[in-house]
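Visitor: could you work out the structure for the sequence below:
(2 chains)
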Amino acid sequence: MRLENKVALISGGARGMGAVEAKLFAEEGAKVIIGDMLEDEGRKIEAEINEAGGECVFVSLDVSDEDAWKRAVNEAVSRYGKLDILVNNAGIYRAHNVEDTSADEWDQVMGINAKGVFLGTKSAIPAMRDAGGGSIVNISSVAGLVGSKSTSAYNASKGAVRLLTKSTAIQYASERIRANSVHPGTIETPMTEGFLADDAMRKDRMDRTPIGRLGKPEDVAYGALFLASDEASFMTGSELIIDGGRTAE
Amino acid sequence: MRLENKVALISGGSKGMGAVEAKLFAKEGAKIVIGDLLESEGRQVEAEINETGGECIFVPLDVTNEVQWEQAVAAAVGHFGKLDILINNAGIFRTNAVEETSSNEWDQVMDVNAKGVFLGAKAVIPAMREAGGGSIINLSSVAGLVGAAYSTAYSASKGAVRLFTKSTAIQYAADGIRSNSIHPGVIQTDMTADAIANPDFKEQRVDPTPLGRLGQPEDVAMGALYLASDESSFVTGAELVIDGGWTAQ
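Guide: Residues are numbered from 1 along each chain as shown, chains lettered A, B, ... in the order given. Model (predicted):
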């Protein structure tokens, strides 16, 4: 198994990509802590993993709350003895151009997508240091690489994640804490189902995806698995783009 | 196994990174065709794989020779029924500044490192189309991402591979053929042995590598395995940087 003896904390693990990552990581031997605001959904994934022979615990986590992050890390360490992997997966999507983005929307998106990643990283580092190293996987987006005609704060937040990842990588490499970002294209998840329900929007996204299909949560989960595992032990500060060719054009 | 029922052609598979990739891919279930100029080393890897329960054949391959590429692809299809994966791994390294680079050195490096990748991709596409898709993995370098103080033709050739990979990705996405590049930092192989033996090497290249060590062929082989497998089926035109954080700063 590719994550044997590893302990992984996954924010936003109650549904969508995070839930698929939680199940895949558990199948590969990791003990999983799901941190999410959605308790019902999170408890369901927790039960599913435990019933399938894995080990999982749900913790309540608002990623913009530093104390909640500390409690999540403590839960990992007290229950499973350590923390090796953090997947900063939680995120929200808002589509407004610059003039239509309110200051409140900016704060909300940056608070969750960017500051949430910072707080998660900050909280996980001491435990990873104690464990002799670790792997932080930050879910950015193609919107962290190229401009977007439909988003402003989301674009900015994902760009922030891209570079925070590199800062973390450089600052903590000597402690063998790795940090890499994942940049998915359009993935069919609860976060994107709203805009993908619009036929014109779906067609636009399909037209811009050379591989001819939208992504599935599994596509991202396998990339996260690779980065989380020791297979990627010489990778840090890198960007894994999983977008069906969209930004190669 | 992660490459069950896959057939992989690996150029430069007789030693270094290519040989490690060949053995890892065979362990994961792939049937292997090693293409290389170095016959005795190649036969040794072939025997090792076959003796440990894998399936491997060696074919002589000069990557600058289009006819030999066609023969290598025909050998893959003839022996194993199809071709799913190409690793354009063969390459040479020369270190000279612009003024010291002879026109002949330029031609030699560009022929092997860039045109060799083009001829390989061109030769495998018909077989991959018949197989219903495929995965092409081109070994570029961090020298394909950032300028180098001491290589000229090598940098140009690896930059060419980086963008050629994206062209291939866009052009053949509709056929289910994916194409991605890998950008290793300094990896301890025969190709880099002379550079590593240089007394200034540690100060120039190892010390500034944030993870503080040289890469090993296995680090690259694990990345190639991820890109070769169906786990990365939504990844095309992407760059996998495996450099210990070198280009993140």
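
Visitor: nearest residue to the middle of chain B?
Guide: Central residue of chain B (CA atoms, centre = their mean): B:N89, 2.1 Å from the mean position.

Visitor: that one and chain A, how far apart?
Guide: The gap separating B:N89 from chain A is 17 Å, by CB to the nearest CB, to the nearest Å. From N, CA and C alone the C-beta is placed, and that goes for glycine too.

Visitor: contacts only, for that residue.
Guide: Contact partners of B:N89, counting by CB atoms under 8 Å, 6 or more residues apart in numbering or on different chains, are B:10-13, B:17-18, B:21, B:139.

Visitor: out of those residues, which is most surrounded?
Guide: Neighbour counts for these, by other CB atoms under 10 Å in any protein chain shown, peak at B:G13, which reaches 34 neighbours.

Visitor: burial measure for residue 231, as a count.
Guide: You didn't say which chain, so I picked chain A. 18.

Visitor: switch to chain B, that's the one I care about
Guide: 19.

Visitor: show me what counts as buried in the lengthiest helix in chain B.
Guide: Ranked by number of residues, the top helix in chain B under DSSP state H is helix B:153-172. With burial defined by 16 or more other CB atoms under 10 Å in any protein chain shown, the residues of helix B:153-172 counted as buried are B:153-162, B:164-166, B:168-170, B:172.

Visitor: what about the lengthiest strand in chain B, average pLDDT?
Guide: If you go by DSSP state E, chain B has its longest strand at strand B:177-184. The average pLDDT within strand B:177-184 is 98.

Visitor: which strands border it, and is each parallel or antiparallel?
Guide: Within its sheet, and counting by DSSP bridges, strand B:177-184 is paired with strand B:134-139 (parallel), strand B:239-242 (parallel).

Visitor: give me the angle between it and helix B:153-172.
Guide: Interaxial angle, strand B:177-184 versus helix B:153-172 (axes from the mean of the first three to the mean of the last three CA atoms, to 10 degrees): 160 degrees.

Visitor: by mean pLDDT, point me to the weakest helix or strand of the chain.
Guide: Using chain A here. helix A:193-196 (a mean of 90; mean pLDDT, DSSP states H and E).

Visitor: ah, no, chain B please
Guide: Going by mean pLDDT, DSSP H and E, chain B bottoms out at helix B:201, a mean of 86.

Visitor: what's the following helix or strand after it?
Guide: Counting by DSSP states H and E, the element after helix B:201 in chain order, helix or strand, is helix B:217-228.

Visitor: what's the angle between that following helix and strand B:177-184?
Guide: Using the same axes, to 10 degrees: helix B:217-228 against strand B:177-184 is 160 degrees.

Visitor: what's next to helix B:217-228, contact-wise?
Guide: Against helix B:217-228 from outside (CB under 8 Å, 6+ apart): A:222-223, A:226, A:231-235, B:2-3, B:6, B:8, B:16-17, B:19-21, B:24-25, B:28, B:30, B:85, B:87, B:135, B:137, B:139, B:178, B:180, B:182, B:184, B:187-189, B:232, B:235, B:240, B:242.
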